[in-house]
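Chemist: My questions are about this predicted structure, shown below with the sequence.
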Amino acid sequence: MTGGHATPKPRGLRRVERWLVGIAMAVVAFVLEKVVMRSVRRGETVKTEPAPTTVTARGNEVDLG
């Protein structure tokens, strides 16, 4: 078991700050969910293939071309 000291509840300005941060995070989560669901419904997917890279090595030197 740990010590018997409990963290006191936040009061005043700290309580308001946590409340506002909670609301802001909820809004961000809501907006992101809407964007993702809209793209899923439309069937849009972003498929990017990496560009092919040729690597040539001679001794200690490496040439990316």
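Modeler: Cool, got the structure.
Chemist: Val36: neighbour count?
Modeler: Val36 has 10 neighbours, counted by other Cβ atoms under 10 Å. In this view, the C-beta of every residue, glycine as well, is placed from N, C-alpha and C.
Chemist: what do you get for His5?
Modeler: As a burial measure, the neighbour count of His5 was computed by other Cβ under 10 Å and equals 6.
Chemist: In three-state terms, label it for me.
Modeler: coil (DSSP: H, G, I helix; E, B strand; the rest coil).
Chemist: That one and Ala26: what is the separation?
Modeler: With the distance defined as Cβ to Cβ, to the nearest Å, His5 ends up 31 Å from Ala26.
Chemist: Next: Thr53.
Modeler: With the distance defined as Cβ to Cβ, Thr53 ends up 43 Å from Ala26.
Chemist: These two: who's more crowded?
Modeler: Ala26 (10 against 7).
Chemist: Give me the distance between that one and Gly43.
Modeler: Summarising the geometry, the distance separating Ala26 from Gly43, computed by Cβ to Cβ, is 28 Å.
Chemist: One more: Val62?
Modeler: Distance from Val62 to Gly43, counting by Cβ to Cβ: 41 Å.
Chemist: Which of the helices or strands spans Thr56?
Modeler: Following DSSP states H and E, one finds Thr56 within strand 55-58.
Chemist: repeat for Pro10
Modeler: Using DSSP H and E, no helix or strand contains Pro10.
Chemist: Tell me the helices and strands packed up against the helix or strand Val40 falls within.
Modeler: Using DSSP H and E, Val40 falls within helix 13-42. The criterion is 3 or more Cβ pairs under 8 Å, 6 or more residues apart in numbering; DSSP states H and E, and there are no helices or strands that helix 13-42 contacts.
Chemist: Any idea how many residues pack against Thr56?
Modeler: Thr56 is flanked by 9 other residues according to other Cβ under 10 Å.
Chemist: Show me what it is bridged to.
Modeler: With DSSP bridges applied, the residues forming beta bridges to Thr56 are Asp63.
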